[in-house]
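Colleague: how does the following fold in three dimensions:
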Amino acid sequence: MHYFESILRVLAIGLVLGAGLPAAFAFGLRLYSAGLGGASAGGTALKANPLLKAIGLLLFMVVSAVIVVAILWITRATINHHFGVDLFPFAPKK
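Modeller: From the prediction side, this is the model:
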């Protein structure tokens with residue numbers, strides 16, 4: 001049962017990070033563009049919606065933060081070795 005639980009955890013994290021982050025970015029892009037206003041297909045002017053624009057920017061920031069933390073997580077041993085900074089003190093040491 002231990003192997004099955006491990007496989008399910010890897011699958012869940014893979015789905016969240018592998019499909020969830022690009023989906024969140026695409027949804028943020030859609031909200032941001034809808035918040036800008038512009039013209040519809042019929043040529044009528046659309047009113048700008050600052051709330052949609054702010055939600056889109058928030059999603060961009062979340063996706064960017066996840067990417068930066070992931071890069072720091074991958075390089076944590078190198079950063080600790082060269083600079084003596086332990087970015088994730090709670091993480092198990094190798």
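Colleague: how about the nearest residue to Cys54, chain neighbours excluded?
Modeller: If you look again at residue 54, you'll see it is Ala, not Cys. Gly35 (7.4 Å; C-beta to C-beta, 6 or more residues apart in numbering). C-betas here are computed from N, CA, C, even on glycine.
Colleague: state the number of residues packed around the one you found.
Modeller: 17 (other C-beta atoms under 10 Å).
Colleague: cool, and the one 5 residues further on?
Modeller: Under the neighbour criterion other C-beta under 10 Å, Ser40 is assigned a count of 9.
Colleague: for it, give me its contacts.
Modeller: Leu46 (C-beta atoms under 8 Å, 6 or more residues apart in numbering).
Colleague: show me which residues of stretch 8-27 are buried.
Modeller: Buried residues in stretch 8-27, counted by 16 or more other C-beta atoms under 10 Å: Leu21, Ala24, Phe25.
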